[in-house]
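**Student:** Curious how this folds, go ahead:
(chains A and B)
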Amino acid sequence: MSSILQVDNLVKHFNGVQAVNGVSFSIERGSCFGLLGPNGAGKTTTVEMLEGIITPTRGDVRYKGEPTGVAFRQEAGIMFQETSLQEFIRVGETLELFSRFYPRTRPIDELIERCALGEFLDRDVRRLSGGQRQRLLLAIALINDPQIVFLDEPTTGLDPQARRNFWQLVNDIKQEQKTLVLTTHYMEEAYELCDEIAIMDHGKIIAQGSPRALLKKHFDHSVICLPANEVPESLDQDAQLKLHRINGQVEILSEDINASIQQLIAQKVPLTHLQIRSRTLEDLFLELTGRELRS
Amino acid sequence: MRLRRFFAVFTARNLEFVRDRSALSWNIVLPVLIVFGFAFAFSTGGQTLFKVGLFEQHKQAPGVERFLQLKHIQFIPVDSIESAVTKVERHQLDMLLDSASGSYWINDQSANGYLLEQLLKGDETQFTRQTVSGEAIRYVDWLIPGVLGMNIMFSSLFGVGYVIVRYRKNGVLKRLKATPLTALEFLSAQVMSRLWLIVTVTSLVYAGTNLLVGFRMYGSYLSLLLVLVIGTFSMICLSLIIAARLSNEETANGLLNMISWPMMMLSGVWFSLEGSPEIIQQSAQIFPLTHMIEAARAIMIDGAGLVDIFPHLLIMLAMSIVFMAIGARSFRWE
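**Tutor:** Down below sits the predicted model:
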């Protein structure tokens, strides 16, 4: 695959504050690239520089090898994190309005069907629910049949069902070989949708790769979970078990599950409530930054 | 500039205006209420200009009879000299006349009192009297260009300036910036949409109120329409300066009030500036509303033609170009 977007040493200062501090990456054509990080990490600033909404203080963004300009605006679809649509205009009229801005558009009927907008086409945009609104904003982002689609925290504030529905829409877009750039708070979302992720903190990328490769690189062990009151405190100092207590639970980081369980049995620890889980991107982020993703 | 994109924004803005019932009704209801209110208040005609308290009205000293027959003076019977004198002191009466003795009281600081005194004394100087006749220009005839002009000013400044600031604050402009729509297409559509709506609404309000009040109109409706279009255009262009960069509605509101209130007070909406200090009259010339109202009144009341009002049109056009250049040049989507 060839890269469609190259970002080189991107820097952005706001009134002396360095929001983005030398970010470089490239995005493969047809892939889904995720930018992860807590609030204030610089994700939205970075993605808005890619979209051409914010001018970088320094650095370079190239779309198909050229600086982003008119051609980019024609071929990019953007769904902002915070945006508003013109009031008193209905859903169908809003789609019509945006379709007139582009020389080449997708058939509106197809977008209505794909994003399930048919039931509220005549509704004023002010009267949409969170999920309906996000689906309309996605339809607007797709109206020019873009080659690259930017989705900035598209599921923030949605209930789990609406979020799952939205993921299905994004997966459908991926099937069309469109390039996606996604920023998100939700690790599950990134794991589900992204081919490659970059974790940002303090305006810098601190880890980058495919979700699975990143987990494999940083974690070669699983986690054994047990209720804290069922594990004797004498095991806390056990050098082999690598045990620590969190919120009424005991977590044991284990490179060899079988050996760890045999050791627990030997210590007569009841295993009725034992759970084993793999390390997640959330764990990875905590490990890398010491901060929670939603902080 | 792509007309397709221009008309898309133009149509959407028109729909927003028409569907925003509260804004629409204020644009129509307010001027209608003001016009009818003033038409009703001044509909009785034959207003009294002076008020004279009359004591001992059944006895008349020599020369008083002629004074009592004068028109436009309201004679109010009073029972007590003492309480009536207090009213003269407070300008509630212009004069107190004891018709039996021929004594009268006026307040030295009252212009009406001075004039009544001259009328009471009479003057036998002979002048040659000639008469003319014609329909009186009522206050409402004089007022209508001012009221409609004021409405246009508020609609232009707040309907474009304030709305664009709101668009910027809530992210509408950011969303539009991400499309191929250019600033020129967006601003032109906002200006033309508001211009078209104001001209339509103002024409309807004028025609509707005219049916019931019957304004005096000695000039050409076409000239009046031209003044309406160019005047409105100049005030919309003024609002583009406010709309250029602000993203705070409260600041925009303050600035718009700072522009609109002096304009409303000094552009001759409610009262004529004739006779006011020269500096006030000169200052008022910097406002497009002054030129619009003066040109409209000249057409309606004096029957002025295009040549007579040409300087006003030229000034409004020049102002429009300057305002638009500043507004467009300094415009930012965010």
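
**Student:** where does the stretch 51-200 of chain A come near chain B, residue by residue?
**Tutor:** Where the stretch 51-200 of chain A comes near chain B, counting by CB under 8 Å from any CB of the partner chain, the residues are A:51-53, A:70, A:73-74, A:76, A:78, A:80, A:82-89, A:93, A:96-98, A:100-103, A:140. (C-beta placed from N, C-alpha, C; glycine too.)

**Student:** Please pick the buried ones from these.
**Tutor:** Among those, those scoring as buried are A:51-53, A:73-74, A:76, A:78, A:80, A:83-89, A:93, A:96-98, A:100-102, A:140 (criterion: 16 or more other CB atoms under 10 Å in any protein chain shown).

**Student:** what residues go with each domain of chain B?
**Tutor:** Taking automatic domain parsing as the criterion, chain B consists of the domains B:3-42+B:138-329, B:50-121.

**Student:** most tightly surrounded among those?
**Tutor:** Each of the domains of chain B was assessed for mean neighbour count using mean count of other CB atoms under 10 Å in any protein chain shown. The highest is domain B:3-42+B:138-329, with a mean of 19.

**Student:** Now it: average pLDDT?
**Tutor:** Domain B:3-42+B:138-329 carries an average pLDDT of 91.

**Student:** quick check, it touching chain A?
**Tutor:** Yes: taking CB under 8 Å from any CB as the criterion, domain B:3-42+B:138-329 and chain A are in contact, through B:4-5, B:7-9, B:11-13, B:15-16, B:19-20, B:167, B:170-172, B:174-175, B:177-181.

**Student:** Domains in chain A, by residue range?
**Tutor:** Residue ranges of the domains in chain A are recorded as A:3-216, A:220-278, according to automatic domain parsing.

**Student:** residue ranges for the helices of the chain, please.
**Tutor:** I'll assume chain A. Taking DSSP state H as the criterion, chain A carries its helices at A:43-51, A:70-75, A:91-99, A:108-114, A:130-142, A:160-175, A:187-193, A:211-218, A:257-266, A:281-289.

**Student:** My question was about chain B, not that one.
**Tutor:** Counting by DSSP H, the helices of chain B are B:3-19, B:21-41, B:64-68, B:81-89, B:111-121, B:139-156, B:163-170, B:172-177, B:183-213, B:221-243, B:249-266, B:278-284, B:288-302, B:306-329.

**Student:** Quick one: residues in contact with the shortest one.
**Tutor:** Just to be clear, that refers to helix B:64-68. By CB atoms under 8 Å, 6 or more residues apart in numbering or on different chains, the residues outside helix B:64-68 that reach it are B:54, B:60, B:75, B:97, B:99, B:102, B:119, B:120, B:122.

**Student:** now the last one
**Tutor:** Among residues not part of helix B:306-329, those counted as contacts by CB under 8 Å, 6+ apart are B:183-184, B:187, B:220, B:223, B:226-227, B:230-231, B:233-234, B:237-241, B:243-244, B:285, B:288, B:291-292, B:294-295, B:298-299, B:302.

**Student:** among the helices of chain B, which is nearest residue A:199?
**Tutor:** If you check each of these against residue A:199 by CB to CB, helix B:172-177 wins as the nearest, at 26.2 Å.

**Student:** What residue, apart from its backbone neighbours, is nearest residue B:23 spatially?
**Tutor:** The spatially closest residue to residue B:23, leaving aside those adjacent along the chain, is residue B:17, at 6.7 Å (CB to CB, 6 or more residues apart in numbering or on different chains).

**Student:** contacting residues around the one you found?
**Tutor:** If a contact means CB under 8 Å, 6+ apart, then residue B:17 has B:23, B:24, B:159, B:193, B:194, B:197 as its contacts.

**Student:** if we go to 10 Å?
**Tutor:** For residue B:17, the contact set (CB atoms under 10 Å, 6 or more residues apart in numbering or on different chains) comprises A:88, B:23-24, B:27, B:155, B:159, B:163, B:193-194, B:196-198, B:201.

**Student:** Including distance to residue B:249, could these go into a markdown table?
**Tutor:** Compiled in a markdown table, the contacts of residue B:17 are given as follows (distance: CB to CB, whole Å):
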| residue | distance to residue B:249 |
| --- | --- |
| A:88 | 18 |
| B:23 | 15 |
| B:24 | 20 |
| B:27 | 19 |
| B:155 | 17 |
| B:159 | 14 |
| B:163 | 10 |
| B:193 | 20 |
| B:194 | 18 |
| B:196 | 25 |
| B:197 | 21 |
| B:198 | 22 |
| B:201 | 24 |
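
**Student:** can you name the two of those residues that are farthest apart?
**Tutor:** Distance extremes for the contacts of residue B:17: the farthest pair is A:88 and B:198 at 18.0 Å, using CB to CB.

**Student:** Name the residue of the stretch 201-334 of chain B that lies nearest to chain A.
**Tutor:** Across the stretch 201-334 of chain B, no residue is closer to chain A than residue B:334, which sits at 7.4 Å (CB to the nearest CB).

**Student:** Tell me how many other residues crowd that residue.
**Tutor:** Other residues near residue B:334 number 12, with proximity taken as other CB atoms under 10 Å in any protein chain shown.

**Student:** can I assume it is in contact with residue B:174?
**Tutor:** Yes: contact between residue B:334 and residue B:174 holds when scored by CB atoms under 10 Å: they sit 5.9 Å apart.

**Student:** Quick check: neighbours shared by those two?
**Tutor:** In contact with both residue B:334 and residue B:174: A:48, A:53, B:168, using CB under 10 Å, 6+ apart.

**Student:** Let's see the pLDDT reported for the first one.
**Tutor:** Each residue has a pLDDT score; the one for residue A:48 is 91.

**Student:** give me the beta-bridge partners of the residue nearest to the spatial centre of chain A?
**Tutor:** If you average the C-alpha coordinates of chain A and look for the closest C-alpha using CA atoms, centre = their mean, you land on residue A:184, 3.1 Å from that point. Using DSSP bridges, the beta-bridge partners of residue A:184 come out as residue A:36.

**Student:** Need the pLDDT of it.
**Tutor:** 85.

**Student:** now that we're looking at it, which residues does it contact?
**Tutor:** Applying CB under 10 Å, 6+ apart, one finds that residue A:184 lies in contact with A:34-37, A:43, A:151-156, A:190, A:192-194, A:197, A:293.

**Student:** looking at the domains of chain A, which one has the lowest mean pLDDT?
**Tutor:** Per-segment mean pLDDT for those reaches its minimum on domain A:220-278, at a mean of 83.

**Student:** end to end, how far does it reach?
**Tutor:** Taking CA to CA, to the nearest Å, the first and last residues of domain A:220-278 lie 9 Å apart.

**Student:** Check stretch A:150-160 too.
**Tutor:** Taking CA to CA, stretch A:150-160 runs 22 Å from one end to the other.

**Student:** Also stretch A:39-54?
**Tutor:** Distance between the boundary residues of stretch A:39-54 (CA to CA) amounts to 18 Å.

**Student:** buried set for it?
**Tutor:** By neighbour count, with 16+ other CB under 10 Å as the criterion, the buried positions of stretch A:39-54 are A:41-54.
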